[in-house]
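**Q** This is the structure alone, sequence omitted:
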RNA sequence: GCGCCUGUAGCUCAAUUGGAUAGAGCAACGGAUUUCUAAUCCGUAGGUUACAGGUUCGAUUCCUGUCAGGCGCACCA
């Protein structure tokens, strides 16, 4: 409906003013409480034609009715507010109930979305959860918008930190060991636990290079399994786990050859540099050190080469804020390697600070002071965590108070949304609803509030597309709260099931569609649907 | 010193990407249920959008400067 209106409006402007306006360049049509949709196109035209926007708007409004039959009126500086006929909304509700509403057909584009990618040197923490939950939702949103999506987790299992991990583990059980704990070693409580288990299987081993390697392997496996288990509590999963060790073995040489063949590298002070400045970086980067070892950067380039090689049209990396300085060189390397058009988007998920009763809770992986995902999922309803995290713009750092989350949990917005779903569910049960009875052909709403609910449903696909292109995940939870609010108000203010069966069916029809939208929205967020909820049962 | 992110109600955050009266939750206060779930609804109070300029029909949003906080600036990963 909106698409058609935009087309008609564009046609009309062309006809009257002989001007073509690229509708995608700016927001021209938006949802509004002043009408069904509104347009600010007269301001844009006023600029170009040097005429009064209000007069332009009035002319357009008249012609919108004359040429296309749209009802509209003009307000103050020059907005045009348009009303659609009631039956349009009823027809949309039919689509909501009978089809995957707004789900786009497969557009033949492949997206790779990489997130979490935590080092296997310790348990996962809240920042990882933020990336994980956002990544899951974005993947679903992209799918809804017509993309083929693969979720990927990259494991740095080949660097020095793995050596340090092994050394830290072995240190605890070796009888012959150096006096000092390994420099850059890991001190978490879990290191000792892993050490105990390692000792159970392999016995008391000496502190040798060979045994450190053995301990590294053991600890890495253990921690990866632990991470997988933690993620399962939040239903976070991946299509692929990619290991740095694999990448090094299979794609490192190939990547290096391509870069040198393209003459994008040079030797200086015995180190090999990549000319990232040719692609916008502020300095060239070393990829092979003067001692012959490569830097972390090279396998990372190879990993992204591996993504390109698999034919993805769009690569999305969700990274932590400490990696923002890394973006220009990564972007540069991708430009060097890509064949055709490959989009590369980096989303920085900002820090989450944990508070306990208003006090900042300092965390550090090296010292072992932190709260794990497991503790969080034990203490706080995962649905609450998901909703809270997804309600925040990813680019915004935020504070999360654990004690408050527990205290306020009954008043949490997630329950507000879930409750609207549950209320409607039990209502339909009571009515003994038969889906075939729903009425999608009535012409007019007798009740303005019911119409408002129908109108709100209409926005859902546009919200989802918006999220798919802007990655602003918070728009979906915010929308669901707004919709739920309309539902709760309606529920309170009106008797839904009454003696007038025809009117009852009309109400039920719209509310049934509304419940479908809540279902779709919560599913995108990975949040549980509840058919029934009672406060005193919790 | 340079770069990125941020600064909105007492607290935690939104604001349709430059739109119309800056909105929610929590906390505070007052009200609503003989009715399909009160995990709900209605009302009151709370704001110079860090500060100062600029751009224009219109700025929380864009530009410049200042202040404050976080994070980066390796032949570490």
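**A** Happy to help now that I have it. Everything quoted here is computed from the prediction, not taken from an experiment.
**Q** Retrieve the pLDDT associated with residue A:371.
**A** Looking at residue A:371, its pLDDT stands at 84.
**Q** burial count for it?
**A** 16 (other C-beta atoms under 10 Å). To be clear about C-beta, it is placed using only N, CA and C from the backbone, and glycine gets the same treatment.
**Q** any idea which element it lies in?
**A** Using DSSP states H and E, residue A:371 falls within no helix or strand.
**Q** For the closest residue to it other than its chain neighbours, the count of nearby residues, please.
**A** Spatial nearest neighbour of residue A:371, chain neighbours left out: residue A:354 (6.1 Å); criterion: C-beta to C-beta, 6 or more residues apart in numbering. Residue A:354 has 19 neighbours, counted by other C-beta under 10 Å.
**Q** Pretty sure residue A:354 sits in a helix.
**A** No: counting by DSSP: H, G, I helix; E, B strand; the rest coil, residue A:354 is not part of a helix but strand.
**Q** residues contacting residue A:330?
**A** Contact analysis of residue A:330 by C-beta atoms under 8 Å, 6 or more residues apart in numbering lists A:300, A:301, A:304, A:317, A:344, A:346.
**Q** Between these, which sits nearest residue A:7?
**A** Nearest to residue A:7 among the contacts of residue A:330: residue A:344, at 32.4 Å, using C-beta to C-beta.
**Q** Now for chain A: which strand has the highest residue count?
**A** Criterion DSSP state E: the longest strand present in chain A is strand A:148-155.
**Q** wait, does that strand contact RNA strand B?
**A** No: using C-beta under 7 Å from any atom of the strand, strand A:148-155 stays clear of RNA strand B, with a minimum separation of 10.9 Å.
**Q** Could I get the full set of helices for the stretch 301-450 of chain A?
**A** For the stretch 301-450 of chain A, applying DSSP state H, counting those that start in this stretch gives helices covering A:327-337, A:373-379, A:382-390, A:402-407, A:413-431, A:448-470.
**Q** Next, report how far the longest one is displaced from the centre of its chain.
**A** Centroid separation for helix A:448-470 versus its chain: 18 Å, with C-alpha atoms, centre = their mean, to the nearest Å.
**Q** Now it: buried residues?
**A** Buried residues in helix A:448-470, counted by 16 or more other C-beta atoms under 10 Å: A:450-468.
**Q** filter those residues down to the ones close to RNA strand B.
**A** residue A:466.
**Q** quick one on the thing from earlier: closest one of the contacts of residue A:330 to residue A:409?
**A** residue A:317 (32.8 Å).
**Q** Okay, now the unreliable bits of chain A?
**A** By pLDDT under 70, the weakly predicted segments of chain A are A:22-27, A:363-369, A:536-538.
**Q** Quick check, the residue in it closest to RNA strand B?
**A** Residue nearest to RNA strand B within chain A (C-beta to the nearest atom of the strand): residue A:159, separated by 2.0 Å.
**Q** what ranges do the helices span in the stretch 51-200 of chain A?
**A** A:53-63, A:86-98, A:126-144, A:160-173, A:189-202.
**Q** Pretty sure residue A:267 sits in a strand.
**A** Yes: assessed with three-state DSSP, residue A:267 lies in a strand.
**Q** Bridge partners for it, pull those for me.
**A** residue A:272 (DSSP bridges).
**Q** Can you report how many residues lie near residue A:134?
**A** For residue A:134, the count of nearby residues is 23 (other C-beta under 10 Å).
**Q** Next one: it from residue A:381, what distance?
**A** 18 Å (C-beta to C-beta, to the nearest Å).
**Q** got it, and residue A:178?
**A** 46 Å.
**Q** neighbour count winner among the two?
**A** Neighbours of residue A:178 and residue A:381, each counted by other C-beta under 10 Å, are more numerous for residue A:381; the result is 17 against 10.
**Q** So what's the residue count around the residue nearest to the more buried one when sequence neighbours are not counted?
**A** Closest residue to residue A:381 apart from its sequence neighbours, by C-beta to C-beta, 6+ apart: residue A:409 at 6.2 Å. Counted with other C-beta under 10 Å, the neighbours of residue A:409 add up to 15.
**Q** list the contacts for residue A:409?
**A** Applying C-beta under 8 Å, 6+ apart, the residues contacting residue A:409 are A:380, A:381, A:384, A:415.
**Q** same thing with residue A:345?
**A** The contact partners of residue A:345, by C-beta under 8 Å, 6+ apart, come to A:314, A:315, A:316, A:317, A:471.
**Q** mind giving me CSV with the residues you listed and columns for neighbour count and distance to residue A:8?
**A** Written out in CSV, the entries for the contacts of residue A:345 read as follows (neighbours: other C-beta atoms under 10 Å; distance: C-beta to C-beta, whole Å):
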residue, neighbour count, distance to residue A:8
A:314, 17, 32
A:315, 22, 37
A:316, 23, 35
A:317, 24, 40
A:471, 18, 31
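**Q** I'd like the residues you listed as TSV, with distance to RNA strand B appended.
**A** Converted to TSV, these look like this (distance: C-beta to the nearest atom of the strand, whole Å):
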residue	distance to RNA strand B
A:314	17
A:315	18
A:316	15
A:317	13
A:471	8
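**Q** For those residues, which two are the farthest from each other?
**A** Using C-beta to C-beta, the contacts of residue A:345 reach their maximum pairwise distance at A:315 and A:471, which is 13.2 Å.
**Q** Not counting residues beside it along the chain, what's closest to residue A:8?
**A** Nearest residue to residue A:8, sequence neighbours excluded (C-beta to C-beta, 6+ apart): residue A:68, at 4.9 Å.
**Q** ugh, wrong one, I meant residue A:324
**A** residue A:348 (5.5 Å).
**Q** quick one: that neighbour and residue A:330, what's the gap?
**A** For residue A:348 relative to residue A:330 (C-beta to C-beta), the value is 12 Å.
**Q** ok, residues contacting stretch A:529-538?
**A** A:410, A:415, A:418, A:419, A:421, A:422, A:425, A:426, A:519, A:522, A:523.
**Q** Give me the distance from it to the chain's centre.
**A** 27 Å.
**Q** Would you mark the buried spots in it?
**A** Using 16+ other C-beta under 10 Å as the test for burial, stretch A:529-538 gives residue A:533.
**Q** what do you get for stretch A:142-162?
**A** Those would be A:142-145, A:147, A:149-158, A:161-162, for stretch A:142-162 by 16+ other C-beta under 10 Å.
**Q** Next: stretch A:231-240.
**A** In stretch A:231-240, counting by 16+ other C-beta under 10 Å, buried: A:231, A:234, A:236, A:238.
**Q** so of these, which ones are in strands?
**A** The members of these all map outside strands under DSSP E.
**Q** Mind checking which of those residues land in helices?
**A** When DSSP state H defines the helices, the subset of these inside them is residue A:231.
**Q** Now the two most distant members of the buried residues of stretch A:231-240.
**A** Of all pairs in these, the most separated under C-beta to C-beta is A:234 and A:238 at 12.7 Å.
**Q** Can you name the residues of the stretch 51-200 of chain A that neighbour RNA strand B?
**A** Residues of the stretch 51-200 of chain A lying near RNA strand B (C-beta under 7 Å from any atom of the strand): A:53, A:75-79, A:81, A:119, A:156, A:158-161.
**Q** And the stretch 251-400 of chain A, by the same measure?
**A** Counting by C-beta under 7 Å from any atom of the strand, the positions of the stretch 251-400 of chain A adjacent to RNA strand B are A:268-271, A:286, A:289-291, A:293, A:295-297, A:321-326, A:348, A:350-351, A:391-393, A:395-400.
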